[in-house]
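Enquirer: task: produce atomic coordinates for the following.
(chains A and B)
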Amino acid sequence: MRFLSFVNLYGAWFFLALIPLVILYFLKLRRPRVDVPSLVLWASVLNDQRVNSPFQRFRRNLLLLLQALLLCLLVLALMQPFVPSTAEVAEYTPLLIDCSASMGAIEEATGKSRLEIVREQVREQIENLRGGQKLALFTFAATGRRLTEFTDDRRELLRALERVQPTDLPAQLDDVLRMAAAYTGSFPIERVTVLTDGNLPDRVDFELPFSLDVKRVDSGDANLGITELSARRSGAEEWEVFVRVSGSADELRGAELQIFENGQQTHTEQLEVGREESERLMIPVRATGPVLLEARLVPAGFDSLETDNVCWLSLPATRALRVWVAAGLPGWARAISVLPNVEVELSTGGEPAGSEYDMVVTDGDAAGASVAGDNGAPVVLHVGVIPEDVRGLVGLEESASVVVDWDRTAPLLRHVQLADVQIGEQPTYAAGVGVKELEERGYEVLVDGSAGPLVLQKREGLRTGWWLTFHTDRSTLPFRVGFPILAANAVESSMKQSALSEVSAAPTGVLPGILLEADREYTVKAPGGELIAGRTTATGMLTGIPAAEVGRYDVLEGGDTVAVVGTGLLSLSESSLVAVEELKFAEAKVSTGAADRLEADRPYWWLLALVAFGLMLFEWWYFQRARGSVE
Amino acid sequence: MLEGTRSAFTALFDNAVLHQIERMRLRPQRRLTNRARGEHLSGKGGSSTDFADFRDYAAGDDLRYVDWNIFARLQRPYIKQFQHEEELHVVLLVDASASMLSGGKLERAKQAAAAFGIMGLLGGERVSAYAVQGSSDSRWMLPPGTGRNRMRGLLHFLEGVVGGGSVPVEQAIEQMLKFHRGRGIAVVLSDFLTFGSLARPLNLLFSAGLEVWGLQILSEAEIHPDVQGDLRFVDSETGETLDITNASELLHVYHDQRLALSESLDNLCRSRQGRFVSVSSGESFAAFLFDRMCRQGWVQR
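Expert: Have a look, this model is predicted:
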């Protein structure tokens, strides 16, 4: 049960002002003197029972009572009464505000977005901060962001709150929770409040050091959005573009999907989408050169979220995969050369630049090392090579080895049977060394031998390296059916890496790597007009460009557009506007429950002040109104 | 009307009013008269020429009053009785306390007293006058007198009544009765605004054989007070104060109290076979005397 409380209890001392008020009222010297022949009649008036009835006594001293009431109301307003919320009041409360794309969903009736509703609740919370209570505002979407330190400065908090806007990013709770957890060492944080629409990943990789209070807002109406956009190469100059449109409403809603190729509308599709029935479309696109594909969704009726209605996809120019194979690996060259859309170059002893090739297969000779060096190809397959930085950990012994186990889910080893492969070399761990030490150096063991790793994988940015620590020529692998599959897997991975077989639209967050001139300065113009500077690596890759907005990003070099990349929301969860009922943490589950409003103390000082003002007006009217004639 | 002129007989009213008053007579409800002969007919057998009744002859009766015509027809002596004309004593008691000074109440009381006195004197009654006042310099009593010659003395006495003082009317009545002798009419002209009880002095008047005529004179300000807000009333007689809050809200109670006082005084007078009327000092004197008093039967033309 909640009772009325007061922020400023010391204000009750002002009730003592009633004493001088009463004294002054009765001692006031300005009562006009009126000479009358006799007091007989007026004395009898005062003795009249009607005049002395409680109501008449009240009327006689109405002015005093009104003034006393007015004073009491003002003192009560000064004491700032409030009905405390049921929520526990902690001294330090971090408020984590969800700014993901779904928070921008608009309710048709009110025109308010979810974020606006949350902002109203937080504003109310800020305005009703009790003495000693401090808030810290955080926002989160794909990452977390701290808006304020712990403070009770209402103006600072409100200013920060006004800056909170929905982003075009999906929600991730982990990052901001870690940020809040970082404060637990400095402040006694017992409870963290999350203000969200519940559109979150239901699994959160985080151990809660505090209790989590999830306040959910439910608002936003039917929504349609593009949740997938990708293309698969179907021929030498042909792509199959896949578009998936999802909806949040139970009933089917109509929409028109428009496809633009380099700004020209080429396809239009009518579709109907519901929550349970998402629409998947395949659109053939013929392209000889690079094409910027734009998919635009035009819903027939009201659409709650606009940001997921457009998406871009960059189709690269179609060409064959360029593979360089070391001279000592003719078996590999033969296995790769039979694959479609592949140009294999068997080394003749020269030293071609690694950046000219999409894939390099090397056995560690001088030319191969050069090709696979820092300026090498995106995918490098080392055969019979132990990585230089792990040679102290893994050695090679002249004894037979067999495959013990392998990662069947790794792209390189998909459908590859290695059980009966005999190996004439024995990669062996050094004493006291195991998988852990390799993992610390960034290597992943894909195939385990009887004494050491047989296949290692290492990813560095957009580059992938595979190391077969044994030479395939000294094993039975080339004679097994798994060998061409292994080669095909390597080529397929390389084609994906080089975007020659499949491309997917880039979701918001960070732009995908863009291959440009090496070591050059570029400027990326964001959809909002913001200019972001970036420099390509030695391999010509421009990476790490933030892309928080849905739209088209132009890569400029000296004012000329050299590349165009587009992004889209491309999040099924965000477009579905669905709320999770429960968040699963490492050791706990937190219910998001039904829509729960962030409770704030309900202040009543303004109501009392309003009543006092009304009372003052009434008093003025009552004592200043025109007197009626007396019968 | 009250302005005196060189030709006016009295400063209280002009000669035209005086002439009308001279033709008017008092109309007491009862025949409470003195033994002395006067012009008022007594209920007892008298010696006037107005026949009253017959009665059987009794030994010792004056034979001059035997109706011989009846004796001749009936052979039995009957005595003729006539109306007895006796003298009526008119007592005028004018309240001249400080409360009567406001709103022309005292002037109206003096005018009314003069009118009743003139009617009494010209009707052959004995008229005496008393003034309730605090001033010791002026005369407060006019001894009883009769006849037209007494009229100037009466008017002179009333003209000389000066208001002031705080003697309550009930006390003044008791004081007056110490000097008064005789039955008749006691005309009390006052505002009757006193904290004391009037039952005892009216009883004394009644016991003294006086028919009480109460004439309450109130000013317009007392009948229709124009007050509002928080006020401090000051009693003109005693100087006492009374704080009234939000006076305008109490006006209806005030009116009820005023009417209740008038009704109470009326009952007091009527229960003693007297009369009572409440008038406003702002009312025209001619209308008061020649119309209202006539219609209510106090006087006759």
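Enquirer: next, the closest residue to chain A within the stretch 101-250 of chain B: phi, psi?
Expert: Nearest to chain A in the stretch 101-250 of chain B, going by C-beta to the nearest C-beta, is B:Leu193, at a distance of 3.6 Å. C-beta here means a position set from N, CA and C on the backbone, and glycine is covered the same way. Note on B:Leu193: its backbone torsions stand at phi -90, psi 80 [degrees, to the nearest 10].
Enquirer: give the contact list for it.
Expert: Shown in contact with B:Leu193 (C-beta atoms under 8 Å, 6 or more residues apart in numbering or on different chains): A:Pro37, A:Ser38, A:Val40, A:Leu41, B:Ser99, B:Glu222, B:Leu261.
Enquirer: ok, the spatially closest residue to it that is not a sequence neighbour to B:Asp191 distance?
Expert: Using C-beta to C-beta, 6 or more residues apart in numbering or on different chains and skipping residues adjacent in sequence, the residue nearest B:Leu193 is A:Ser38, 3.6 Å away. Distance, A:Ser38 to B:Asp191, using C-beta to C-beta, to the nearest Å: 7 Å.
Enquirer: who has more neighbours out of those two?
Expert: Using other C-beta atoms under 10 Å in any protein chain shown, the more surrounded residue of A:Ser38 and B:Asp191 is B:Asp191, with 28 against 25.
Enquirer: residue contacts, the more buried one?
Expert: Listed by C-beta under 8 Å, 6+ apart, the contact set of B:Asp191 reads A:Pro37, A:Ser38, B:Asp95, B:Ser99, B:Met100, B:Lys105, B:Gln216, B:Ile217, B:Leu218, B:Glu222.
Enquirer: among those, which one has the most neighbours?
Expert: Highest neighbour count within the contacts of B:Asp191: B:Met100, with 34 neighbours (other C-beta under 10 Å).
Enquirer: go ahead and confirm that one touches B:Val162.
Expert: No - taking contacts as C-beta atoms under 8 Å, B:Met100 lies outside contact range of B:Val162: 10.9 Å.
Enquirer: whichever helix in chain B runs longest near chain A at all?
Expert: Taking DSSP state H as the criterion, chain B has its longest helix at helix B:251-270. Yes - Helix B:251-270 comes into contact with chain A (C-beta under 8 Å from any C-beta of the partner chain), by way of B:Leu251, B:His252, B:Val253, B:Tyr254, B:His255, B:Asp256, B:Gln257, B:Arg258, B:Ala260, B:Leu261.
Enquirer: gap between the third one and A:Asp152?
Expert: Going back to what we said before, that points to B:Val253. B:Val253 is 59 Å from A:Asp152, by C-beta to C-beta.
Enquirer: between the two, which one's more packed in?
Expert: Each of B:Val253 and A:Asp152 has its neighbours counted (other C-beta under 10 Å); B:Val253 has more, 20 against 15.
Enquirer: contact partners for the nearest residue to A:Arg233 once chain neighbours are set aside?
Expert: Spatial nearest neighbour of A:Arg233, chain neighbours left out: A:Ser501 (5.1 Å); criterion: C-beta to C-beta, 6+ apart. Contacts for A:Ser501 (C-beta under 8 Å, 6+ apart) come out as A:Arg232, A:Arg233, A:Asn341, A:Glu492, A:Met495.
Enquirer: just the buried residues of the residues you listed.
Expert: Buried subset of the contacts of A:Ser501 (neighbour count, 16 or more other C-beta atoms under 10 Å in any protein chain shown): A:Arg233, A:Glu492, A:Met495.
Enquirer: quick one: contacts for A:Leu293?
Expert: A:Leu229, A:Ala231, A:Val241, A:Ile259, A:Phe260, A:Glu261, A:Val285, A:Trp312, A:Leu313, A:Ser314, A:Leu315.
Enquirer: again with A:Arg31
Expert: B:Asp230, B:Leu231, B:Arg232, B:Asp243.
Enquirer: what's the helix or strand for the last one?
Expert: I take that to be B:Asp243. Per DSSP states H and E, B:Asp243 falls inside strand B:241-244.
Enquirer: same check, this time on the third one
Expert: Here B:Arg232 is covered by strand B:231-235, with elements defined by DSSP H and E.
Enquirer: what stretches of the stretch 201-350 of chain A score poorly on pLDDT?
Expert: For the stretch 201-350 of chain A, the stretches with pLDDT under 70 are A:219-220, A:349-350.
Enquirer: for it, which segments count as helices?
Expert: Under the criterion DSSP state H, counting those that start in this stretch, the stretch 201-350 of chain A contains helices at A:330-337.
Enquirer: so where's the chain uncertain?
Expert: Unless you meant another one, I'm taking chain A. Low-confidence segments of chain A (pLDDT under 70): A:1-2, A:28-30, A:51-60, A:85-90, A:131, A:219-220, A:349-355, A:365-376, A:593-601, A:625-631.
Enquirer: chain B is the one I meant
Expert: Along chain B, segments meeting pLDDT under 70 span B:1-6, B:30-50, B:52, B:83-87, B:134-139.
Enquirer: give me the element the most centrally placed residue in it is part of.
Expert: The structure's chain B has its C-alpha centroid closest to B:Val187; by C-alpha atoms, centre = their mean the separation is 1.8 Å. B:Val187 is part of strand B:184-190 when elements are defined by DSSP H and E.
Enquirer: check which element follows that strand along the chain.
Expert: The first helix or strand that comes after strand B:184-190 along the chain, using DSSP H and E, is helix B:199-207.
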